[in-house]
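**Q** take a look and give me a structure for this.
(2 chains)
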Number of protein chains: 2
Amino acid sequence: MSADEATVAEGPLALVCGGGSLPLAVADHVLARGRRVLLFPVRGAAKPEDYAGREHTWVHLGQFGTLARVARPLGCTEIVLIGGLTRPSLWGLRPDLLTLKILPRIAKAFLGGDNHLLSNIAKLVEEQGFRLRGAHEVAPEILAPHGSLGRLVPDAEDLANVGLGLDYLASAGRFDIGQAAVVAGRHIVAVEAAEGTDGMLARVATLRATGRIRAPRGVLVKAPKPQQDRRFDLPSIGPTTVAAAAKAGLSGIVVIAGETVVAEPDALREAADRAGLFVFGASGPAA
Amino acid sequence: MSADEATVAEGPLALVCGGGSLPLAVADHVLARGRRVLLFPVRGAAKPEDYAGREHTWVHLGQFGTLARVARPLGCTEIVLIGGLTRPSLWGLRPDLLTLKILPRIAKAFLGGDNHLLSNIAKLVEEQGFRLRGAHEVAPEILAPHGSLGRLVPDAEDLANVGLGLDYLASAGRFDIGQAAVVAGRHIVAVEAAEGTDGMLARVATLRATGRIRAPRGVLVKAPKPQQDRRFDLPSIGPTTVAAAAKAGLSGIVVIAGETVVAEPDALREAADRAGLFVFGASGPAA
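**A** Numbering: from 1, shown residues only, chains lettered A, B, ... in the order given. As a prediction, this is how the structure comes out:
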């Protein structure tokens, strides 16, 4: 934990919750540290039944005023945006969560790529006297650990593929494109850009079915972009990533330990073991 | 023309012809230079009606013996493989043309990426006393010229996108992946790997239709990989590339002049003008 993190305001934390189980996992980790959490599930993204048993305030992401009116009097100065990671498809996720329609200032930045978009969201929130923090900063438990998540481990051939994939991602990172690639037979067969990881994995499944990818097995490699704002744009995996990787005929998934969010780790582990895939947290490049 | 090219044997040229009009265009350019051409259309790839009026010998690509028996007594020592570029889809093209099933030696190399595959094909042919040459070496007329192929030219925004795309391709080239990327709003939105250019453009069309790409317009940028064997694996474009780029909502296509094959340049020019797209041959990096 950095000096910066150690000196955060310890008022309640406002958690803007998208879909999936990750927001509540983050809430529970923060609560376990003795900090109060204000839940703001996002209409259309979060499921009402998930929040039925907890105090919460529904918001549209554009209704930043609602959040501010509830949170400010309670001494809250920090906001975390989290969720949506376990949806069946990532397509269309960010536009929902980040309310492009409602914040016209953001629309222009959107054309410049994700990093600009998110930085502008952060600026907007901070102009209102709040600080935008990363979910992994307030709940480091959600990050991938070192080593295997599950029973299986990569073999030598897998590691050769992984090495190539990590080299590629490090080299391509400065172009602000995808955080993932698929390597099979020591050849990069798919690179993620705007389609998202699930879209890329679906493509690999198709290319394999049509004989355009003939190398057996292969690995999905994910790593954060070097210039990525890790507060709200870490790579993430979940049980659906494992399912998509299995459909793509891969032998496993490698992520960077401590720099990747794992949604539903228990379900992911179980899915990986059942499908015969490894999910491995590798050390990142020396900082 | 290099010294090497100037000293080639001037016996007849064996042209192994895949699909599309490019093989016959190459044949005509070589004939116009006064060199005899032996046509070997490939069953399942070339169309019989295209060869009806010309002397030719049908081959399966695995039947290298047939070619050798016809060509050797005529003093032929050089072979060019060309074709298939104007098919509706590039998927599955190379496995047809390069007879992976028939040449088991090749199968292993296939797992290592295109460059290894093609180098092995070349070795195999050369062991038989023939020299494999690039279509553009015997018919440089098929290469993209400098400047616009058609009426339109890129504007300043297009050129900014192009610059980013060329930077990316130069950086990613050492990974032996795709030769193409799509850049929109100064953001790389798609990168080609095993799916081929047409597959990537179809994806961009879908991502745009589903709102996952919101930047207007954009460009397709193609460039050869640095280590590419230019004898038989130059990037190529044709009228179908223009059609796919138009469907993807792009404003144009940029290729490297002198290092890109243009199939059916007249039809391509007409398709580009009709669709309102530019097709531009840019100078490559200084050698």
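**Q** in what helix or strand does the residue of chain A most remote from its centre lie?
**A** Going by CA atoms, centre = their mean, the residue of chain A most distant from its centre is residue A:211, 31.3 Å out. Assessed by DSSP states H and E, residue A:211 sits outside every helix and strand.
**Q** next, it: phi, psi?
**A** Dihedral angles of residue A:211 (phi, psi; degrees, to the nearest 10) stand at phi 80, psi 10.
**Q** let me know the pLDDT of it.
**A** pLDDT for residue A:211: 85.
**Q** separation between it and residue A:248?
**A** According to CB to CB, to the nearest Å, residue A:211 stands 14 Å off from residue A:248. Quick note: C-beta positions are derived from backbone N, CA and C, even for glycine.
**Q** can you map out the helices along the stretch 51-200 of chain A?
**A** Taking DSSP state H, counting those that start in this stretch, the helices of the stretch 51-200 of chain A run over residues A:64-71, A:93-97, A:104-110, A:114-127, A:135-138, A:156-172, A:196-209.
**Q** and the residue farthest from the centre of chain A, how far from residue B:194?
**A** For residue A:211, the distance to residue B:194 equals 11 Å [CB to CB].
**Q** near chain B, which residues of the stretch 101-250 of chain A? Just list them.
**A** Within the stretch 101-250 of chain A, the residues that sit near chain B (CB under 8 Å from any CB of the partner chain) are A:110-113, A:164, A:167-168, A:171-172, A:174-178, A:181, A:185-196, A:199, A:203-204, A:207, A:210-215.
**Q** now the buried members of these.
**A** Buried members of these, counted by 16 or more other CB atoms under 10 Å in any protein chain shown: A:110, A:112-113, A:164, A:167-168, A:172, A:175-178, A:181, A:185-196, A:199, A:203-204, A:207, A:212-215.
**Q** can you add distance to residue B:279 and give the helices of the stretch 51-200 of chain A back as CSV?
**A** Output for the helices of the stretch 51-200 of chain A, formatted as CSV (distance: least, CB to CB, whole Å):
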stretch, distance to residue B:279
helix A:64-71, 46
helix A:93-97, 32
helix A:104-110, 29
helix A:114-127, 30
helix A:135-138, 46
helix A:156-172, 26
helix A:196-209, 26
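**Q** the ones you listed: lowest mean pLDDT?
**A** Among the helices of the stretch 51-200 of chain A, helix A:93-97 scores lowest, at a mean of 38.
**Q** nearest residue to the middle of chain A?
**A** The centroid of chain A falls nearest to residue A:236 when counting by CA atoms, centre = their mean (3.3 Å).
**Q** and that one, bridged to which residues?
**A** When assigned by DSSP bridges, residue A:236 has beta-bridge partners residue A:261.
**Q** I figured it hits residue A:264, correct?
**A** No: counting by CB atoms under 8 Å, residue A:236 does not reach residue A:264; the two are 10.8 Å apart.
**Q** which residues do these two both contact?
**A** Common neighbours of residue A:236 and residue A:264 are listed as residue A:22 (criterion: CB atoms under 8 Å, 6 or more residues apart in numbering or on different chains).
**Q** in chain A, which helix or strand is least confident?
**A** helix A:93-97 (a mean of 38; mean pLDDT, DSSP states H and E).
**Q** any idea how far the helix or strand in which residue A:281 is found is from the middle of the chain?
**A** Element membership for residue A:281 (DSSP H and E) is strand A:278-282. Relative to the centre of its chain, strand A:278-282 is centred 16 Å away, using CA atoms, centre = their mean, to the nearest Å.
**Q** looking at that strand now, give me its mean pLDDT.
**A** The average pLDDT within strand A:278-282 is 97.
**Q** now for it, which elements pack on it?
**A** strand A:147-148, helix A:156-172, strand A:252-256, helix A:265-275 (3 or more CB pairs under 8 Å, 6 or more residues apart in numbering or on different chains; DSSP states H and E).
**Q** quick one: contacts of the longest one?
**A** Outside of helix A:156-172, the residues within contact range by CB under 8 Å, 6+ apart are A:154, A:178-186, A:188, A:191, A:217-219, A:221-223, A:226, A:251-252, A:254, A:278, A:282, A:285, B:168, B:171-172, B:174-175, B:177, B:191.
**Q** ditto for stretch A:263-274
**A** A:20-22, A:25, A:85-86, A:142, A:149-152, A:236-239, A:241-243, A:246, A:252-253, A:262, A:278-279.
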